[in-house]
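1. build the 3D model from these lines:
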Amino acid sequence: MTGTGQKDSQRWRGFQIIDACLAPGGVPLPRLAARVGQTPFFAYDRALISQRVADLRKHLPDDVALNYAVKANPMPALVQHLAGLVDGFDLASAGEMMTALDTTMPAERISFAGPGKTRDELTRAVAAGITVNVESERELETLSEIGRKAGQRLRVAIRVNPDFELRGSGMRMGGGAKQFGIDAERVPQVLRWIGQHDFEFLGFHIFSGSQGLNAAAITEAQSKTIDLAIELSAHAPSPVRKLNIGGGFGIPYFDVDVALDLAAVGQGLAEHMPRVRAKLPKAQVMVELGRYIVGEAGVYVCRVVDRKESRGQVFLITDGGLHHQLAASGNFGQVLRRNYPVSIGNRIGQAADETANVVGCLCTPLDLLASKMDLPHAVVGDFVVIFQSGAYGLTASPTAFLSHPHPSEVLV
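-> Numbers count the residues shown, from 1 in each chain. A predicted model of the protein is given here:
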């Protein structure tokens with residue numbers, strides 16, 4: 001790998017560089033673009049995904065299962081690739097359900113979470129034989145009706161809204177009033193109700209936050225999650241067999257971010273596992289990760305279609321934009337906009353000799369992919385690469401905005 005310095009080398013972590021071109025999956029960008037047939041496109045490097053799973057297996061305790069949260073990236077080929085690497089899938093919609101069921105992952109290792117599941121979605125989940133992570137009492141009652149009609153005993157777990165959150169997380173999924181899960185203090189009565197009806201109770205799903213980069217905070221949240229599960233298990237109608245402790249493992253998006261210390265997270269979880277084995281001897285503990293598995297393995301590639309100067313500033317205008325990669329534009333939850341790591345993908349190793357703004361093709365000033373960034377001198381036809389694009393990219397973006405064509409996705 002070549003680069004202009006340590007900072008850039010970290011941004012290109014794992015990706016091959018061939019003849020000054022970024023080469024996802026070993027395919028240089030010009031050749032990959034010709035193969036895809038268009039820009040913009042997303043490219044996901046299967047070797048980097050496999051390596052990330054291997055790293056997780058190395059550092060997490062052997063008796064902790066690893067689930068993939070399909071919402072992070074539901075591209076069918078990518079999900080199929082992960083079906084052979086992880087222990088289960090976690091879904092958030094019927095669309096994701098269909099993708100997961102088309103893979104080799106057994107239905108009994110698939111779970112369905114998320115608020116606002118419709119009767120149709122629940123009916124389909126019951127028919128498929130997957131586990132429903134119940135988010136409300138009403139959802140539970142609806143499931144009971146569906147089960148009676150279908151003559152099936154339903155597999156359920158309770159999604160618990162804990163009274164704590166993951167400190168420093170980018171997105172807080174637990175603590176306080178939330179649309180996610182059933183408040184922890186209400187769970188005992190819900191468990192009693194389950195015991196009076198024909199359900200196969202499996203366990204708990206407790207998710208307190210995501211995009212955490214502090215290993216100590218993640219370990220603290222995992223400890224609290226285990227304590228809460230043990231406390232609630234006293235009210236369960238049968239022994240807890242599945243305990244999904246969520247994820248929260250983040251990836252560094254900005255220069256100020258420090259990568260998560262995975263070894264420290266694994267060591268912290270290992271220290272808590274004896275407590276689980278003693279108090280919940282039949283429980284399979286599982287970690288649910290999405291962004292951490294695929295986020296750094298993906299790039300968004302667009303092409304410079306115009307170069308202009310305006311009152312002393314350089315603008316590289318591309319055929320991409322926020323309609324494909326909303327998060328990189330700063331419009332997906334950032335309070336203060338910061339640049340994602342961006343490079344000129346066919347000029348890797350060249351000196352960053354100018355300051356430029358990278359913008360998309362949309363008629364809005366929000367369509368800003370990089371602001372006043374030091375980059376190699378780029379011309380029309382060059383490739384702009386946005387890293388950290390493997391998760392919450394295409395499917396988290398307003399692709400219909402201004403009716404531009406959809407980008408392609410490739411797994412290489």
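2. show me where pLDDT drops low in the stretch 51-200 of the chain?
-> Regions of the stretch 51-200 of the chain meeting the criterion pLDDT under 70 cover residues 165-178, 180.
3. can you pull out the helices in it?
-> For the stretch 51-200 of the chain, the helices defined by DSSP state H, counting those that start in this stretch cover 76-83, 94-101, 119-128, 137-150, 187-195.
4. could you do the stretch 201-350 of the chain as well?
-> Using DSSP H, counting those that start in this stretch, the helices assigned to the stretch 201-350 of the chain run over residues 215-233, 262-279, 291-294.
5. packed most tightly, which of those helices would that be?
-> helix 291-294 (a mean of 27; mean count of other Cβ atoms under 10 Å). Bear in mind the C-beta positions are built from the backbone N, C-alpha and C, glycine included.
6. tell me which of the helices of the stretch 201-350 of the chain lies nearest to residue 327.
-> Set against residue 327 and scored by Cβ to Cβ, the helices of the stretch 201-350 of the chain come closest in helix 291-294, at 10.6 Å.
7. got a markdown table for the helices of the stretch 51-200 of the chain, with distance to residue 261 too?
-> Listed next are the helices of the stretch 51-200 of the chain as a markdown table, based on distance: least, Cβ to Cβ, whole Å:
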| stretch | distance to residue 261 |
| --- | --- |
| helix 76-83 | 24 |
| helix 94-101 | 30 |
| helix 119-128 | 37 |
| helix 137-150 | 37 |
| helix 187-195 | 32 |
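8. with residue 406 as the reference, name the closest of the ones you listed.
-> helix 76-83 (15.0 Å).
9. and the closest one, what's buried?
-> Within helix 76-83, the residues that qualify as buried are 78-83, counting by 16 or more other Cβ atoms under 10 Å.
10. what do you get for stretch 131-145?
-> 131-136, 139-140, 142-144.
11. what are the contacting residues of that stretch?
-> Residues from elsewhere that reach stretch 131-145 (Cβ atoms under 8 Å, 6 or more residues apart in numbering): 108, 110-117, 119, 122, 125-126, 154-159, 180-182, 186, 190, 193-194, 197-199, 202, 205, 242, 244.
12. can you say which of those residues are buried?
-> Neighbour counting over the contacts of stretch 131-145 (16+ other Cβ under 10 Å) leaves 110-114, 117, 122, 125-126, 154-159, 180-182, 190, 194, 197, 199, 202, 205, 242, 244 as the buried ones.
13. ok, the closest residue to residue 51 other than its chain neighbours - contacts?
-> Using Cβ to Cβ, 6 or more residues apart in numbering and skipping residues adjacent in sequence, the residue nearest residue 51 is residue 14, 6.9 Å away. By Cβ under 8 Å, 6+ apart, the contact set of residue 14 is 45, 47-48, 51, 296-297.
14. by contact count, what packs against the biggest strand by length in the chain?
-> Secondary structure assigned by DSSP state E gives strand 298-310 as the longest strand of the chain. Using 3 or more Cβ pairs under 8 Å, 6 or more residues apart in numbering; DSSP states H and E, the elements in contact with strand 298-310 are helix 29-36, strand 41-44, strand 313-318, strand 383-386.
15. reformat these as a markdown table; add mean pLDDT, distance to residue 354 and mean neighbour count.
-> Formatted as a markdown table, the entries for those read as follows, by pLDDT from 0 to 100; distance: least, Cβ to Cβ, whole Å; neighbours: other Cβ atoms under 10 Å:
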| stretch | mean pLDDT | distance to residue 354 | mean neighbour count |
| --- | --- | --- | --- |
| helix 29-36 | 98 | 20 | 17 |
| strand 41-44 | 98 | 26 | 25 |
| strand 313-318 | 98 | 6 | 19 |
| strand 383-386 | 98 | 14 | 26 |
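16. so which of those gets nearest residue 305?
-> Counting by Cβ to Cβ, and looking across all of the helices and strands packed on strand 298-310, nearest comes strand 313-318 at 5.9 Å.
17. pairing partners for the closest one, with directions?
-> Partners of strand 313-318 in the sheet, by DSSP bridges, are strand 298-310 (antiparallel), strand 354-359 (parallel).
18. for the last one, buried residues please.
-> So that's strand 354-359. Along strand 354-359, the positions that meet the burial threshold by neighbour count (16+ other Cβ under 10 Å) are 356-359.
19. can you tell me which of these lies nearest to residue 339?
-> residue 358 (8.9 Å).
20. mind giving me the domain ranges of the chain?
-> Described in terms of automatic domain parsing, the domain architecture of the chain consists of the residue ranges 6-45+296-411, 113-289.
21. output those as JSON lines; include the columns distance to residue 58.
-> Converted to JSON lines, the domains of the chain look like this (distance: least, Cβ to Cβ, whole Å):
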{"stretch": "domain 6-45+296-411", "distance to residue 58": "16"}
{"stretch": "domain 113-289", "distance to residue 58": "8"}
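22. so which of these comes closest to residue 56?
-> Using Cβ to Cβ, the domains of the chain put domain 113-289 closest to residue 56, at 7.2 Å.
23. now the closest one: how far from the chain's centre is it?
-> Taking Cα atoms, centre = their mean, to the nearest Å, the mean C-alpha location of domain 113-289 is offset from the chain mean by 16 Å.
24. and the closest residue to residue 235 other than its chain neighbours, how many neighbours does it have?
-> Nearest non-adjacent residue to residue 235, counting by Cβ to Cβ, 6+ apart: residue 188, 4.0 Å away. By other Cβ atoms under 10 Å, the residues close to residue 188 number 14.
25. report the separation between residue 188 and residue 371.
-> As defined by Cβ to Cβ, to the nearest Å, residue 188 lies at a distance of 51 Å from residue 371.
26. repeat that for residue 40.
-> Using Cβ to Cβ, one gets 19 Å for the distance from residue 40 to residue 371.
27. look at these two and report which has more neighbours.
-> When residue 40 is set against residue 371 and neighbours are counted by other Cβ under 10 Å, the residue ahead is residue 40, at 28 against 17.
28. quick check: phi and psi on the more buried one?
-> phi -80, psi 160 (degrees, to the nearest 10).
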